[in-house]
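1. Generate coordinates for the sequence data below:
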Amino acid sequence: AGVESPTHEIRADADPSARSAKSIVITLANKHTFDRPVEILIHPSEPHMPHVLMEEGDMTPAEYERHLKGKNDFIKGTKKDPSAEKKTDIIRKRLNKDIPHHPVIMLNFCPDLRTLQPDLQKAQGEFIFLVDRSRSMSGVNINRVKDALLVILKSLMPACLFNIIGFGSTFKTLFPASQTYCEESLAMACESIKRIRADMGGTNILLPLKWVIRQPIHRGHPRLLFLLTDGAISNTGKVLELLRNHSCSTRCYSFGIGPNACRRLVRGLAAVSRGIAEFLAEGERLQPKMIKSLKKAMAPVLSDVSVEWVFPKSTEVLVSPVSTSCLFPGDRLVGYGVVCDTSPYISNPRSDKRRRYSMMHSQESGSSVFFHSQEEGAGVESWNHSRDSEGCCPAEPDPLSRRAGTDVKASSRRRAYSTTQIADHEPCKKVPTASDPGTALVKPPLRKTHLQDLQQVSPEPWQMDFQ
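-> All right, here's what the predicted structure looks like:
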């Protein structure tokens, strides 16, 4: 455990006799010149244990009650129906509007997968190779890509899925959907790679990336995107934002070929999806760099991750999407919950009743989804109402629960079920970024979604060429 700063000289003061430092006072050793940000790295003594932090809202419960009573929706709603159920329903609908006023809980978890799960299998991923076939790739560059792809394809593991997409002004796919890796599909892919030419005009990454995102996620097969390009595009911000919105399900390993490859694009795609970016200088071989990234992508992985939160029944909670659909070694899972205590609005609150909420990822919308089932079971120990400035959480075991086949004892609890496999097939709304100065900023896309069916939606009719 300890603290350090990569940017400044600091001094950390704590009680020298304490077994663990509950509070540390950090000061700069020298006067701050405001020429760069102050970065402080905190190293916990137990880095692989779940850490829960809580930040207070900007209103006390009494202040929020006064604030709520002045809102039109609360006034109109309770005028017709002053019941406790109506009041809590209004609070539930307002949670995404009133986030600054409520406590926010953050879960930060980096599991030690290799120690806890020594028999964890390597990722049987969905490998999608996105190959730049624009005119600028002609000559040496396209030949380097072809040689590397032939080796990489023969290095994939059986039972994984794969596809190859060539793009320029338009794009072409080898298969209408990702195929299971076998001798027949490998032979088809190798023959196709040998015929690849840099004859597809300009460079448009957004179209093929949208097509990839629209494809259904295959359970147990984390999507791993390998992008190979040598140029730049005019809509880098839109491409980065699209992948950032779907980084829960897609991880990108990007390769910039030659001196003209856009650094911002290649590095950005890897950064927003927690992948790896590589650049090739003139005369450098692509194959070793791709093999290095492939080994990372094929590391043991924990897929279909969900997190279950347990709160008192007298609370309303807005839970963020799960930050990833799979965990590779060294990955961390981050989740947030906005908590509102509704006990003042309930006539006979029973603190021994609890609700369970689960974080999930809705693959297209990226929004949070949670719902409540019928009551089950008997409660457990009461909620700890202390609100410590350093953070507090329910007196409950580890809030992270991998719910793979776990039978829950019948109890008087209300539960919320979710899964990373629910797909929202509504198109994504455009979210402008700082790199798109021509667009007006909108509110963050935090919104409620409706309960969705767990049935797979059949993909659109297949077309080989896309305009």
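2. and residue 168, how far is that from residue 202?
-> 6 Å (C-beta to C-beta, to the nearest Å). Every residue, glycine included, has its C-beta placed from N, CA and C.
3. overlap in contacts of the two?
-> Shared contacts of residue 168 and residue 202 (C-beta atoms under 8 Å, 6 or more residues apart in numbering): 134, 135.
4. which one of those two has more residues nearby?
-> The neighbour count for residue 168 versus residue 202, taken as other C-beta atoms under 10 Å, is higher for residue 168 (21 against 14).
5. Now do that one against residue 243, distance only.
-> 20 Å.
6. Next: residue 329.
-> 22 Å.
7. of these two, who's got more company?
-> residue 243 (26 against 15).
8. helix or strand right after the helix or strand that one falls within?
-> Of the helices and strands defined by DSSP states H and E, residue 243 is found in helix 236-245. Sequence-wise, the next helix or strand downstream of helix 236-245 (DSSP H and E) is strand 250-257.
9. tell me what that next one is packed against?
-> helix 140-153, strand 223-229, helix 263-273, strand 276-280, helix 287-297 (3 or more C-beta pairs under 8 Å, 6 or more residues apart in numbering; DSSP states H and E).
10. Note down every partner strand of the fourth one and its orientation.
-> Strand 276-280 has the following strand partners under DSSP bridges: strand 250-257 (parallel).
11. The second one now?
-> Strand pairing for strand 223-229, determined by DSSP bridges: strand 126-132 (parallel), strand 250-257 (parallel).
12. List the residues that contact residue 188.
-> Contacts of residue 188 by C-beta under 8 Å, 6+ apart are residue 174.
13. In the stretch 51-200 of the chain, where is pLDDT below threshold?
-> In the predicted model, the stretch 51-200 of the chain carries pLDDT under 70 at residues 114, 116-123.
14. same thing but at 90, please
-> Applying pLDDT under 90 to the stretch 51-200 of the chain picks out residues 51-55, 61-62, 65, 73-74, 76-89, 91-93, 95-96, 106-125, 139, 157-159.
15. Report the angle between the helix holding residue 243 and strand 250-257.
-> 140 degrees (axes from the mean of the first three to the mean of the last three C-alpha atoms, to 10 degrees).
16. Counting by contacts, list what helix 236-245 packs against.
-> helix 206-214, helix 263-273.
17. Run through who's touching the first one.
-> By C-beta under 8 Å, 6+ apart, the surrounding residues in contact with helix 206-214 are 128, 130, 165, 167, 170-171, 173, 223, 225, 233, 235, 238-239, 242-243, 246, 250, 364, 459-460, 466.
18. Throw the helices and strands packed on helix 236-245 into a markdown table and include mean pLDDT, mean neighbour count and distance to residue 38, thanks.
-> Shown next, in a markdown table, are the helices and strands packed on helix 236-245 (pLDDT from 0 to 100; neighbours: other C-beta atoms under 10 Å; distance: least, C-beta to C-beta, whole Å):
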| stretch | mean pLDDT | mean neighbour count | distance to residue 38 |
| --- | --- | --- | --- |
| helix 206-214 | 95 | 18 | 36 |
| helix 263-273 | 94 | 20 | 22 |
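19. could you dump these to TSV with distance to residue 48?
-> Formatted as TSV, these follow (distance: least, C-beta to C-beta, whole Å):
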stretch	distance to residue 48
helix 206-214	32
helix 263-273	23
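20. So for residue 307, which of those helices sits nearest?
-> helix 263-273 (20.0 Å; C-beta to C-beta).
21. hmm, back to that, now distance to residue 124 too, for the helices and strands packed on strand 250-257, in CSV please.
-> Putting these into CSV (distance: least, C-beta to C-beta, whole Å) gives the following:
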stretch, distance to residue 124
helix 140-153, 15
strand 223-229, 11
helix 263-273, 19
strand 276-280, 20
helix 287-297, 11
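22. who wins for proximity to residue 41 among the strands paired with strand 223-229?
-> strand 250-257 (24.3 Å).
23. In space, what's closest to residue 287 - neighbours in sequence excluded?
-> Spatial nearest neighbour of residue 287, excluding adjacent residues (C-beta to C-beta, 6 or more residues apart in numbering): residue 148 at 4.3 Å.
24. Out of the strands paired with strand 223-229, flag the one nearest residue 71.
-> Closest among those, using C-beta to C-beta: strand 250-257, at 39.2 Å.
25. Could you check the angle the closest one makes with helix 287-297?
-> Relative orientation of strand 250-257 versus helix 287-297 (the same axes, to 10 degrees): 170 degrees.
26. could you give the angle of strand 250-257 to helix 206-214?
-> Angle between the axes of strand 250-257 and helix 206-214 is 150 degrees (criterion: the same axes, to 10 degrees).
27. Could I get the average pLDDT for strand 250-257?
-> Strand 250-257 carries an average pLDDT of 94.
28. export that strand as CSV, just CAs?
-> What follows is strand 250-257, C-alpha atoms only, in CSV (Å, rounded to 0.1, in the frame of the first residue of the first chain):
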residue,chain,number,x,y,z
THR,A,250,-15.9,-4.9,-28.3
ARG,A,251,-12.2,-4.6,-27.7
CYS,A,252,-10.0,-3.2,-30.4
TYR,A,253,-6.4,-4.0,-31.2
SER,A,254,-5.3,-1.4,-33.8
PHE,A,255,-2.2,-1.3,-36.0
GLY,A,256,-1.0,1.8,-37.8
ILE,A,257,1.0,0.9,-40.9
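29. So what touches that strand?
-> With contacts defined as C-beta under 8 Å, 6+ apart, strand 250-257 is touched by 132, 137, 141, 144-145, 212-213, 222-230, 243, 262-263, 265-267, 269-270, 272-280, 286, 289-290, 293, 296-297.
30. tell me the angle that strand makes with helix 140-153.
-> 140 degrees.
31. my read: residue 276 touches residue 266, true?
-> No - counting by C-beta atoms under 8 Å, residue 276 does not reach residue 266; the two are 10.3 Å apart.
32. sorry, back to before: the strands paired with strand 223-229 into a markdown table, with extra columns for mean neighbour count and distance to residue 5?
-> Listed next are the strands paired with strand 223-229 as a markdown table, based on neighbours: other C-beta atoms under 10 Å; distance: least, C-beta to C-beta, whole Å:
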| stretch | mean neighbour count | distance to residue 5 |
| --- | --- | --- |
| strand 126-132 | 24 | 39 |
| strand 250-257 | 25 | 30 |
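33. Quick one: closest of the ones you listed to residue 62.
-> Among the strands paired with strand 223-229, strand 250-257 comes nearest to residue 62, with 45.1 Å by C-beta to C-beta.
34. What is the neighbour count of the nearest residue to residue 286 once chain neighbours are set aside?
-> Closest residue in space to residue 286, ignoring its immediate chain neighbours: residue 148 at 4.1 Å, by C-beta to C-beta, 6+ apart. The number of residues packed around residue 148, counting by other C-beta under 10 Å, is 24.
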